[in-house]
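Engineer: for reference, the sequence and a predicted model appear below.
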Amino acid sequence: MAYVITQACLDVKERACVSVCPVDCIYEGDESDRMLFIHPEQCINCGACEMECPHFAIYSEEDVPEKLRAFVTIQRLFFEEPAKAREELNRLYPRSSCGVL
Ligand code: SF4
């Protein structure tokens, strides 16, 4: 079990969680990534990030609400096949087309 970052981080990336993680297991692949991800094997389940996130984006895996469960899979996939994780994220949560006609 690990903690999981969910939808509220998407296109926000406040990064408050990063500085409190004692094992530095919160990652951003590159600047184009739309959110941060917690490494599921490196996370020691301390819960510090959950309390720090001002957007309430982080849950312990067993507490991720049903409507956000896709993020459990996407997070794991990000560390195995990042391109597929990005694809899945964009499929489920398309980028806003604001300003584009
Ligand atoms: Fe890092 Fe603790 Fe959050 Fe896991 S639960 S990502 S170890 S701060």
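Structural biologist: Arrived safely.
Engineer: my guess is Asp11 meets Ser32, correct?
Structural biologist: No. Counting by C-beta atoms under 8 Å, Asp11 does not reach Ser32; the two are 11.5 Å apart. The way it works is simple: take the backbone N, C-alpha and C, and place the C-beta from them, glycine included.
Engineer: look at these two and report which has more neighbours.
Structural biologist: Asp11 (11 against 7; other C-beta atoms under 10 Å).
Engineer: can you pull out the helices in this structure?
Structural biologist: 16-20, 48-52, 70-78, 82-92 (DSSP state H).
Engineer: can you lay out those helices as a markdown table showing mean pLDDT and mean neighbour count?
Structural biologist: Shown next, in a markdown table, are these (pLDDT from 0 to 100; neighbours: other C-beta atoms under 10 Å):
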| stretch | mean pLDDT | mean neighbour count |
| --- | --- | --- |
| helix 16-20 | 97 | 16 |
| helix 48-52 | 98 | 17 |
| helix 70-78 | 97 | 20 |
| helix 82-92 | 96 | 14 |
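Engineer: how about Ser96, nearest residue that isn't a chain neighbour?
Structural biologist: Using C-beta to C-beta, 6 or more residues apart in numbering and skipping the chain neighbours, the partner closest in space to Ser96 is Asp11 (7.3 Å).
Engineer: ok, the one you found - contacts?
Structural biologist: 34-35, 95-96 (C-beta atoms under 8 Å, 6 or more residues apart in numbering).
Engineer: looking at the helices of the chain, which is nearest to the ligand?
Structural biologist: helix 48-52 (3.2 Å; C-beta to the nearest ligand atom).
Engineer: got phi/psi on the residue nearest to Ser96?
Structural biologist: When read as degrees, to the nearest 10, the backbone of Asp11 gives phi 60, psi 20.
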